[in-house]
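Peer 1: Pasting a predicted model and its sequence here:
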Amino acid sequence: MTQSGRAGCMRIGVLALQGDFALHARVLEQCGVAAVEVRKPVELDEVDGLIMPGGESTTLLKLMDAWNFVPALEKFHSAGKPIFGTCAGLIILAREVESPKQFSLGLIDVTVERNAYGRQRESFEASGTVRLDTGPIQLEMVFIRAPRIRRVGPGVEVLAEHGGEPVMARQDRVLVATFHPELTDSTAVHRAFCDLVERSKTAS
């Protein structure tokens with residue numbers, strides 16, 4: 001489908017409570033898809049997929065709780081709508097969270113360790129191969145106070161690794177990354193998510 005065709009029939013939300021949601025929205029627009037900043041649970045009804053951006057997971061959880069987002073997100077997932085979580089978004093979506101333990105939605109069967117690469121000054125960039133449905137590509141990866149995926153469940157497909165550890169994974173319609181694809185010049189990861197949303201929308 002052409003970019004203009006996509007824009008006319010698909011809307012992807014970006015959870016806009018905290019974090020770098022505006023950058024994700026900009027990349028979606030570059031992909032020819034209508035981006036919707038989601039600030040209230042009812043707005044999830046207006047979108048076909050959702051990106052949960054990086055930020056600070058504890059703060060994000062407090063804001064989600066204040067707006068009663070958890071049941072709405074569980075309903076969104078149960079309806080078969082895809083979700084993409086980066087960094088803090090991954091932490092919220094994980095089955096288990098360590099260092100310290102905290103609540104998470106459990107929508108992808110991974111165990112995540114928070115801030116496992118260190119503090120802000122230990123942030124770094126690396127390059128690696130990402131295995132997308134369209135084929136493998138080399139991608140720059142930006143890690144900022146990034147979590148580590150310490151365990152991957154049997155139903156989870158690892159799409160990219162760094163230093164022998166998974167940094168991007170997918171289970172059914174949930175996609176996660178420990179790095180920030182919105183901070184690079186590539187739109188490949190967001191296009192892959194758009195494709196997942198498009199397939200899910202067609203199948204529903």
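Peer 2: On my side now, so go ahead. Residues are numbered from 1 along each chain as shown.
Peer 1: buried stuff in stretch 31-47?
Peer 2: For stretch 31-47, burial by neighbour count (16 or more other C-beta atoms under 10 Å) applies to 31, 32, 33, 34, 35, 36, 38, 41, 43, 44, 47. C-beta: built from backbone N, CA, C; applies to glycine.
Peer 1: Geometric centre of this protein: which residue is closest?
Peer 2: Central residue of the chain (C-alpha atoms, centre = their mean): residue 85, 1.9 Å from the mean position.
Peer 1: who's in contact with that residue?
Peer 2: Residue 85 makes contact with 51, 52, 91, 92, 93, 108, 174, 175, 176, 177, according to C-beta atoms under 8 Å, 6 or more residues apart in numbering.
Peer 1: Next, the distance between the ends of stretch 84-91.
Peer 2: Start and end residues of stretch 84-91 are separated by 11 Å (C-alpha to C-alpha, to the nearest Å).
Peer 1: so where's the chain uncertain?
Peer 2: Flagging of the chain using pLDDT under 70 yields the residue ranges 1-8, 117-122.
Peer 1: mind listing the helices in this protein by residue range?
Peer 2: For the chain, the helices defined by DSSP state H occupy 3-9, 21-30, 57-66, 69-78, 88-93, 188-203.
Peer 1: follow-up on the earlier one: distance of the residue nearest to the centre of the chain from residue 175?
Peer 2: Note on residue 85: its distance to residue 175, by C-beta to C-beta, to the nearest Å, is 7 Å.
Peer 1: And residue 204, by the same measure?
Peer 2: From residue 204 to residue 175 the distance is 17 Å (C-beta to C-beta).
Peer 1: Neighbour count for these two, which is higher?
Peer 2: Shown here are residue 204 and residue 175; by other C-beta atoms under 10 Å, residue 175 has more neighbours (27 against 9).
Peer 1: Quick check: phi and psi at residue 81.
Peer 2: Main-chain torsions, residue 81, degrees, to the nearest 10: phi -90, psi 130.
Peer 1: if you skip the residues just before and after it, what's nearest to it?
Peer 2: Closest residue to residue 81 apart from its sequence neighbours, by C-beta to C-beta, 6 or more residues apart in numbering: residue 49 at 5.8 Å.
Peer 1: my read: the one you found touches residue 193, true?
Peer 2: Yes. Between residue 49 and residue 193 there is a contact under C-beta atoms under 8 Å: 6.8 Å.
Peer 1: Overlap in contacts, the two.
Peer 2: Common contact partners of residue 49 and residue 193 (C-beta under 8 Å, 6+ apart): 12, 82, 84.
Peer 1: Who are the contact partners of the first one?
Peer 2: Think residue 12. Contacts for residue 12 (C-beta under 8 Å, 6+ apart) come out as 28, 33-36, 47-51, 193-194, 197.
Peer 1: how about 6 Å then?
Peer 2: 28, 33, 47, 49 (C-beta atoms under 6 Å, 6 or more residues apart in numbering).
Peer 1: now swap in the second one and tell me
Peer 2: Residue 82 makes contact with 49, 173, 196, 197, 200 under the criterion C-beta under 6 Å, 6+ apart.
Peer 1: Lovely, talk soon.
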